[in-house]
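Asker: all I have is the shape, not the residue letters:
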C-alpha cells in the first residue's frame with residue numbers, strides 16, 4: 001500500500017475528473033468570471049495539479065479504505081495458490097491406484113489359494129497365497145479409507161473458503177464513490193477557493209514592454225564629429 005495521500009497511477013484520471021467537476025462548481029465558476037478575478041481557470045487548474053498529493057491527503061481515510069478493498073478483491077482467499085507439482089501428481093495417482101491394485105491382488109491371491117486348497121495340491125503354496133490375499137485386502141481397505149478421508153477434508157476446506165465473506169463489486173464501487181466525494185468536498189473545493197484569492201505568481205505575469213527609447217537599437221559605435229569647413233572671411 002502506498003503512502004497516505006499519494007495516488008496510484010490508476011487513480012490519476014479520477015483526480016482530474018474530480019478537478020474538472022470542482023472547476024465547474026457554481027461558486028468557483030462565478031468567481032472566475034468576475035472582472036476582478038486575479039487568476040484564470042487554466043492557472044487554477046495548473047496549481048491544483050501541482051498540489052495533487054496535498055489535496056489527496058485530505059481524503060486519505062477514504063482512499064485507504066478503497067485500496068484495502070481493491071487488494072482484497074484481487075486476492076479473495078488471502079493466501080497464495082499452491083502450484084501443482086510433479087510430487088503432488090504422483091501422490092494423487094498413488095492414492096487412486098493403491099486401492100485398485102490391492103483389491104485386484106487380493107482377489108487373485110484368494111482365488112488361487114482357495115483353488116489349490118480345494119484341489120488338495122500344494123498345500124503350503126495355497127496357504128501362502130491365501131495369507132497374501134488377505135493382506136492385500138487389508139491394504140486395499142486402508143488405502144480406500146485414507147482416500148475417502150482426504151476427499152472429505154478437501155471438501156470441508158472448499159466449503160469454509162466459499163463461506164468466507166468476500167468484497168463484492170458493489171462495496172468496491174461504494175468505496176470509490178465515497179473517496180471521490182471526500183476528494184471533492186474536503187480537498188479540491190477548499191483548495192480552489194483559497195487559490196482564487198491568491199495573486200498570480202510573477203512568472204505568470206506578462207512583462208511590461210520597455211520604453212521606446214530602450215527598444216531603439218544603436219549600431220554600437222558613435223558617428224564621427226563632422227564640422228563644416230570654415231569659409232575665408234571677406235574684407
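Answerer: Perfect, I can see it now. Bear in mind the structure is a predicted one, so any value in this text is a computation, not a measurement.

Asker: how is this structure partitioned into domains?
Answerer: Taking automatic domain parsing as the reference, the chain has its domains at 9-76+180-204, 92-163.

Asker: next, format those domains as a markdown table and append mean neighbour count.
Answerer: Glycine gets a C-beta too; all of them are placed from N, C-alpha and C. Below are those laid out as a markdown table (neighbours: other C-beta atoms under 10 Å):
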| stretch | mean neighbour count |
| --- | --- |
| domain 9-76+180-204 | 15 |
| domain 92-163 | 14 |
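
Asker: dump those domains to CSV, plus mean pLDDT and distance to residue 174.
Answerer: Converted to CSV, the domains of the chain look like this (pLDDT from 0 to 100; distance: least, C-beta to C-beta, whole Å):
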stretch, mean pLDDT, distance to residue 174
domain 9-76+180-204, 89, 9
domain 92-163, 82, 23
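
Asker: I'd like to know which of the ones you listed is closest to residue 170.
Answerer: For those, the distance to residue 170 is smallest for domain 9-76+180-204, at 10.7 Å, taking C-beta to C-beta.

Asker: counting by contacts, list what the helix or strand encompassing residue 142 packs against.
Answerer: Secondary-structure element containing residue 142, defined by DSSP states H and E: helix 123-163. Contacts of helix 123-163 with other secondary structure elements, assessed using 3 or more C-beta pairs under 8 Å, 6 or more residues apart in numbering; DSSP states H and E, are made with helix 86-118.

Asker: who does the helix it packs on touch, helix- and strand-wise?
Answerer: Under the contact criterion of 3+ C-beta pairs under 8 Å, 6+ apart, helix 86-118 touches helix 123-163.

Asker: so which of the domains of the chain is nearest residue 169?
Answerer: Of all the domains of the chain, domain 9-76+180-204 sits nearest to residue 169, with 7.8 Å by C-beta to C-beta.

Asker: got the angle for the helix holding residue 142 vs helix 86-118?
Answerer: Orientation note: helix 123-163 sits at an angle of 150 degrees relative to helix 86-118 (axes from the mean of the first three to the mean of the last three C-alpha atoms, to 10 degrees).

Asker: now do helix 123-163: distance to the chain's middle.
Answerer: Computed by C-alpha atoms, centre = their mean, to the nearest Å, the chain-centroid distance of helix 123-163 equals 46 Å.

Asker: check which residues of the helix or strand just after it are buried.
Answerer: With elements assigned by DSSP H and E, the helix or strand that comes after helix 123-163 is helix 169-182. Using 16 or more other C-beta atoms under 10 Å as the burial criterion, the residues of helix 169-182 that qualify are 175, 176, 178, 179, 180, 182.
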